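Novice: The amino acid sequence is not available; the structure is as follows:
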C-alpha cells in the first residue's frame, strides 16, 4: 500500500570510479527544482562532490524519513557505487523503490535493471518527473509513464518514448543545493544554454541520445533567460562558470548573437567573468572569438579529434584538417586554453595517419591533451559500434575492437604502455586545465608551464615510436616504453613534486581514481 501523503524524494549522485574529478550535476538540479515547485520535499545527496563512501551516503539517506523513492544519476563508472548505496539503504527499508537515469541507462536499460534498480528513465526527465513521482505515490499506472523501462515477471518492458522539452526556456532555473561544495572544491559553476549538436560524428553519444529519445538535434535558451540566471549567480559573488553545452555555437548563434550577449551582460553590469565552453572546430572564427574573449571566455573544449583527413572522414566529422588548423590558430591568437579532443586510434588507423597527426601536434604543442595515447571509445548506442558486439569485460559500456594494421598495433601498445606508466600524475597535472578549476590566471599559467614540459616529452617519445614502427625488426613495444621511462624517471619525479606544490598553492583537491579505460592490450 503506497502512502499518498508522502512527498519526500531523495536524489543521489554516487562517486565515480574514474579519473574525472567531481563537478556539479545540473540534471539533478533541474529535476529538484521542478519537483519542489510542485510541492515535493527533495533532498540531494551528492556523494561525488562531497567525496562520500557508499556507506556514508547511505547513512545520510537513512537518517531521513523514508522517501517515496530514490533517484540515481548513473553511468557505467559510478554504477558499482550506486548499487552499494542502494544495498545499504535496503537493509533499513527492504522495499524502497529506485529509479536510475542518464546516458548509460538510456542506452542500456537491461544492464541497470539487472543490477537491482526498479526502473530506468530513458532520455530527458524534466517534462515527466512529476508523473514518475505520481506513479510511486500510486496515482498513475506504470503503463502511463513514457520513457521508462522496468521488469515485469522477469521480462523487461520498455514503455513508449517521448522527447524532452521543445524549448529550454520552459525549464525553471535549477536548484543549487551543492553550489557551496562546488565553490569549496574550486569547481566552476555550471550553466546550460543549449542542448545537442548539429554534428554527425559516428562516435558521439550526444547524437545517439537525441535520436533514441526523439529530441531535436540542437535546442537553445533565449538570451533573456541565460542572462537572468547569470545575473542571479553573479549577485552571489560567482565569477567562474562552465557552460556545459554540447556545442555552444550552432546556427542561429553567430558573432552578432555573441555581440548581443555581450551587450545584455553589460546592461546588467556583469563583468569579470571567467568562462569555459565547448565549440566545434568548424564553428570557430576570428569575429566570434574576439567577442567571446570580451565576454569572459578563456578556455574551450574543441573536438579536433584528428589531424588526418582520411580519419576525420571515417569519423563523420564535418571539420577538415584545414578547419582544425584554422581554429587552433584563431584560438591561440586570443590566448584561449584549448582542451583538444583527440582520437588517434580506431580499427582502421594507418601509420601514415599517425605520422600526419604527429606532424601537426609537434607544431601545436600548447594544446591541452591527456597524453599522446587516445583511442576511440566505442560507446554503446553510437553509430561507430554497429558490428562491434564484443563487450570490454569491465562494464564500461565499451565495445572492443582490433586495430588491423600491425605497425599501428605496435604504436598502440607502446603509447598505451607509456601513458599507463604515469597516468595518475598526468591526470592530476592536467585536471586544473582540462576540467578546468576556478583558480587564478597566475595559478593556471603555472600548471600550464608544467604541462608543457610533459607535453614535450610525450612528443619526443611519439616520434621515437613512429620511427621504430617503420623498422623491419622492432623492439618490444612495452620495453621501448619502459626503457624511455627509466631515462626520464628523474624528470617525472620533479614534475610530480612541482604539481603537488601547485595544488597546495592553489588550494586544490585531487581525489579522482585511476583511469578505468586503460586496461591491458589484447594483441599477441
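Specialist: Cool, the structure landed. Bear in mind the structure is a predicted one, so any value in this text is a computation, not a measurement.
Novice: where in this protein is pLDDT low?
Specialist: Scanning the chain for pLDDT under 70 picks out 1-4, 378-379, 386-399, 519-524.
Novice: ranges for the strands of it?
Specialist: Assigned by DSSP state E, the strands in the chain fall at 8-13, 41-46, 69-73, 97-101, 119-121, 148-152, 155-158, 189-191, 194-196, 218-220, 240-243, 274-279, 297-305, 337-342.
Novice: so can I have a markdown table of the ones you listed showing mean neighbour count and distance to residue 474?
Specialist: All C-beta spots, glycine's among them, are computed from the backbone N, C-alpha and C. Below are the strands of the chain laid out as a markdown table (neighbours: other C-beta atoms under 10 Å; distance: least, C-beta to C-beta, whole Å):
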| stretch | mean neighbour count | distance to residue 474 |
| --- | --- | --- |
| strand 8-13 | 24 | 46 |
| strand 41-46 | 20 | 49 |
| strand 69-73 | 24 | 46 |
| strand 97-101 | 24 | 47 |
| strand 119-121 | 25 | 48 |
| strand 148-152 | 18 | 49 |
| strand 155-158 | 12 | 49 |
| strand 189-191 | 20 | 47 |
| strand 194-196 | 21 | 45 |
| strand 218-220 | 20 | 46 |
| strand 240-243 | 21 | 43 |
| strand 274-279 | 22 | 39 |
| strand 297-305 | 23 | 28 |
| strand 337-342 | 21 | 24 |
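Novice: Minimum distance to residue 86: which of those strands has it?
Specialist: strand 97-101 (5.9 Å; C-beta to C-beta).
Novice: can you list contacts of the closest one?
Specialist: Residues from elsewhere that reach strand 97-101 (C-beta atoms under 8 Å, 6 or more residues apart in numbering): 27, 68-74, 82, 86, 112, 116-122, 125, 132, 136, 148.
Novice: try 6 Å this time
Specialist: Contact partners of strand 97-101, identified using C-beta atoms under 6 Å, 6 or more residues apart in numbering, comprise 69-72, 74, 86, 112, 117-121, 125, 136.
Novice: Next one: residue 506 from residue 459, what distance?
Specialist: 26 Å (C-beta to C-beta, to the nearest Å).
Novice: Who has more neighbours out of these two?
Specialist: Legend: neighbour count by other C-beta atoms under 10 Å for residue 506 and residue 459, higher for residue 506 (18 against 15).
Novice: circling back to that earlier point, just curious, which of the contacts of strand 97-101 is nearest to residue 356?
Specialist: Residue 356 lies nearest to residue 74 out of these, by C-beta to C-beta, at 38.7 Å.
Novice: Would you agree the closest one is in contact with residue 102?
Specialist: Yes: with contact defined as C-beta atoms under 6 Å, residue 74 reaches residue 102; the gap is 5.0 Å.
Novice: which of the two has more neighbours?
Specialist: Between residue 74 and residue 102, counted using other C-beta under 10 Å, the more crowded position is residue 74 (26 against 22).
Novice: follow-up on the earlier one: so which of the contacts of strand 97-101 is the closest to residue 179?
Specialist: Nearest to residue 179 among these is residue 71, at 19.5 Å by C-beta to C-beta.
Novice: In contact with residue 71, which residues?
Specialist: 11, 99.
Novice: how close does the closest residue to residue 298 other than its chain neighbours get to residue 444?
Specialist: Distances taken as C-beta to C-beta, 6 or more residues apart in numbering put residue 274 closest to residue 298, at 5.8 Å, once the chain neighbours are dropped. Applying C-beta to C-beta, the value for residue 274 to residue 444 is 9 Å.
Novice: Now do the contacts for residue 501.
Specialist: With contacts defined as C-beta under 6 Å, 6+ apart, residue 501 has no neighbours.
Novice: Swap in 10 Å and give it another go.
Specialist: By C-beta atoms under 10 Å, 6 or more residues apart in numbering, the contact set of residue 501 is 446, 450.
Novice: cool, and residue 183?
Specialist: Residue 183 neighbours (C-beta under 10 Å, 6+ apart): 189, 236-238, 240, 438.
Novice: okay, how far is it across stretch 428-444, tip to tip?
Specialist: With C-alpha to C-alpha, to the nearest Å as the measure, the ends of stretch 428-444 fall 13 Å from one another.
Novice: which one is residue 88 nearest to, not counting chain neighbours?
Specialist: Nearest one to residue 88, counting by C-beta to C-beta, 6+ apart, is residue 58 at 3.4 Å.
Novice: Isn't that neighbour up against residue 83?
Specialist: No: contact criterion C-beta atoms under 10 Å: residue 58 and residue 83 do not qualify, at 11.3 Å.
Novice: so who does the closest residue to residue 457 other than its chain neighbours touch?
Specialist: Here the nearest residue to residue 457 in space, its sequence neighbours aside, is residue 488; by C-beta to C-beta, 6+ apart that works out to 6.0 Å. Residue 488 makes contact with 418, 421-422, 454, 457, 460-461, 495, according to C-beta under 10 Å, 6+ apart.
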